[in-house]
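S.K.: Quick one, structure for this:
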Amino acid sequence: MSEVTTTSPDVSPLDFLQLVADPIRWRLLDELGQSDRRVGELCELVAKPQSLVSYHLRELRTGGLVTARQSAADGRDTYYRADVGRCAELLSATGAALHPSVRLAPLEVDLPISGRGHKPRVLFLCTGNSSRSQIAEALLEHRTQGAVTARSAGSHPKPLHPSAVRVMAERGIDISDRRSKHLDRFTRQRFDQVITLCDKVREVCPEFDGHPTTAHWSMADPAAEGADADTNYRAFVRTADEIDSRVGYLIPRLSGDED
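M.R.: Model (predicted):
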């Protein structure tokens, strides 16, 4: 699955304010901050025609606030994602440009996470449950010190990939004893959120008891990034870095502190 957008252009504070001030672009950023989406889905969510949504997505991509990836399930589709980190950088820079004392500070989430009245439960899904979803499960539990129950599974489970074990070990997390599971194992269990990390598994994701919140993180399979060992391993490093970033933005939502 190829990355469509790869550059982060310089955006002045005024440019940033003009980009996010438009109500449609603001709504698109809000939706894409929660889940990766295709154009058709965004049209339904914001109740606007495709031509208008595509125009605003193009503006957001030009400004570096939104990125895009070709779908691994259907090459004719594209998944869009809000670059939350880039938005935070530009928002902080905009405040500082107004006055040196106006700066954003990272949100500190108190643990154990509260706000739902119980320990949040999150299920990560991908096709093989051999790398992406396993990495996400381990990172979420590690970063919340076990205050969140994380699980992972796949539609067609495969053995845990050794490169996934290696990249997590380099982060001080041992997943070597974990096993792959089929997603059917969890369909009767209740989760607060179900997150798909693979375009293919999103298309076959079943309904879960309790109607959990769903989100999609459109991510390439690092195991498919070439046969060369070094190239393949670097793909796993990039995947772990991206998942770590996304998990960091997920935690405040689970805590109920995103507002």
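
S.K.: I figured Arg238 hits Asp221, correct?
M.R.: No. With contacts counted by CB atoms under 8 Å, Arg238 stays clear of Asp221, the gap being 12.0 Å. From N, CA and C alone the C-beta is placed, and that goes for glycine too.

S.K.: And those two? Which one has more around it.
M.R.: Between Arg238 and Asp221, counted using other CB atoms under 10 Å, the more crowded position is Asp221 (21 against 16).

S.K.: and Ile195, what does it touch?
M.R.: Ile195 makes contacts with Val122, Leu123, Phe124, Leu125, Ala136, Thr214, Ala215, His216, Trp217, Leu250, as judged by CB atoms under 8 Å, 6 or more residues apart in numbering.

S.K.: hmm, I was thinking of Leu197
M.R.: Phe124, Leu125, Cys126, Arg132, Ser133, Ala136, His216, Trp217, Ser218, Met219, Ile243.

S.K.: Turn the residues you listed into a markdown table, columns for pLDDT.
M.R.: Below are the contacts of Leu197 laid out as a markdown table (pLDDT from 0 to 100):
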| residue | pLDDT |
| --- | --- |
| Phe124 | 98 |
| Leu125 | 97 |
| Cys126 | 96 |
| Arg132 | 97 |
| Ser133 | 97 |
| Ala136 | 98 |
| His216 | 97 |
| Trp217 | 97 |
| Ser218 | 96 |
| Met219 | 94 |
| Ile243 | 97 |
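
S.K.: Please flag which of those sit within strands.
M.R.: Among the contacts of Leu197, the ones falling in strands (DSSP state E) are Phe124, Leu125, Cys126, His216.

S.K.: From those residues, pick the one nearest Asp30.
M.R.: His216 (15.4 Å; CB to CB).

S.K.: Quick check: buried residues in the longest helix anywhere in the chain?
M.R.: Longest helix in the chain, counting residues (DSSP state H): helix 229-255. Of the residues in helix 229-255, 232-236, 238-240, 242-244, 246-255 count as buried by neighbour count, 16 or more other CB atoms under 10 Å.
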